[in-house]
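> this is a predicted model, with the sequence first.
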Amino acid sequence: MIPVMEIFGPTIQGEGKVIGRKTMFVRTAGCDFRCSWCDSKFTWDGSMKEAIRMMTAEAIYAELREIGGPSFNHVTISGGNPALIKAIGTLVDLLHAEGCEVALETQGSKFQTWMRDIDQLTLSPKPPSSNMQQNLTLLDEDISQLDPSKINLKVVVFDEADYQFAKQIHHRYLGLPFYIQVGNPYLEDDVNDHTAKLLERYEELIARVMQDAEMNNVYVTPQLHTLLWSNRKGV
Ligand SMILES: C[S@@+](CC[C@H](N)C(=O)[O-])C[C@H]1O[C@@H](n2cnc3c(N)ncnc32)[C@H](O)[C@@H]1O
Ligand SMILES: Nc1nc2[nH]cc(C(=O)O)c2c(=O)[nH]1
Ligand code: SF4
Ligand SMILES: [Mg+2]
């Protein structure tokens, strides 16, 4: 059984390697981290615990089709940390059998064998501003067990210390596609001028990367869904 917090879509993947891709989302409940700026705190802070449903892979797939109809062939699993859940493997197998591609987002604190089957696995180690201590030895172990052609790294940056962390991660795993994503401090779902405020931060991050000769092989990205819809849930 899989603890599900929400199922929504189709929408665009707003982040990282397949930004813009039409996809459905399955968001699991529970996280082993407590990032200060987590935009999905409701998955772990208890505020929505009555919304958590224990579901089989079959029930999740049925609901994806119920709300998405025939209008998708890509599913993104996020959380919370879906890597805490062994049973995600059955969902990945079912989605593949039904002809869907599968992406998954995790911070890389835990390895599961089913990670090898994910078509686009995003590992997103956490920088200092999150107040988390990312264990890089564990991350090394995860990465050494995975196919480099199916994984990518994404580091969220709020300040200069985060930027230096991002650089450290990029240089530790130089062979992996590296995405540097601008942090969103506006976590309410209704913020005045959120698009202009976020674009200003994005522009600052772009400027920082452009002048840095040690960051030439990177992608600098916004969260496209937050530019459009701020931190609204279910999009
Ligand atoms: C909500 S997390 C869930 C998956 C997993 N726990 C993780 O952190 O990778 C999905 C992505 O959103 C990013 N994220 C969370 N809060 C954010 C914020 N305030 N601004 C920008 N990105 C954020 C995370 O770093 C992660 O890459
Ligand atoms: N549209 C959209 N794209 C996303 N990419 C990563 C998300 C996440 O919360 O993991 C997310 C999300 O919540 N919505
Ligand atoms: S690891 Fe991901 S879900 Fe967990 S607290 Fe951090 S951003 Fe939120
Ligand atoms: Mg999100």
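Thanks, I have it. Ligands and ions are numbered 1, 2, ... in the order given.

> CA only for contacts and neighbour counts going forward, please
Noted.

> partner strands of the helix or strand hosting residue 105, parallel or antiparallel?
Using DSSP states H and E, residue 105 falls within strand 101-106. Within its sheet, strand 101-106 is paired with strand 74-78 (parallel), strand 120-123 (parallel), according to DSSP bridges.

> let's have the ones you listed in TSV, adding mean neighbour count and mean pLDDT.
Shown next, in TSV, are the strands paired with strand 101-106 (neighbours: other CA atoms under 10 Å; pLDDT from 0 to 100):
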stretch	mean neighbour count	mean pLDDT
strand 74-78	22	98
strand 120-123	23	98
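
> quick one: closest of those to residue 99.
strand 74-78 (8.6 Å; CA to CA).

> contacts for that closest one?
With CA atoms under 8 Å, 6 or more residues apart in numbering as the contact definition, strand 74-78 has outside contacts at 22-28, 95, 100-106.

> closest to ligand 2 among these?
residue 105 (6.0 Å; CA to the nearest ligand atom).

> now the helices: where do they sit in the protein?
57-68, 88-97, 136-144, 160-172, 194-210, 224-229 (DSSP state H).

> and these as a markdown table, adding distance to ligand 3?
Below are the helices of the chain laid out as a markdown table (distance: least, CA to the nearest ligand atom, whole Å):
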| stretch | distance to ligand 3 |
| --- | --- |
| helix 57-68 | 20 |
| helix 88-97 | 16 |
| helix 136-144 | 13 |
| helix 160-172 | 14 |
| helix 194-210 | 18 |
| helix 224-229 | 15 |
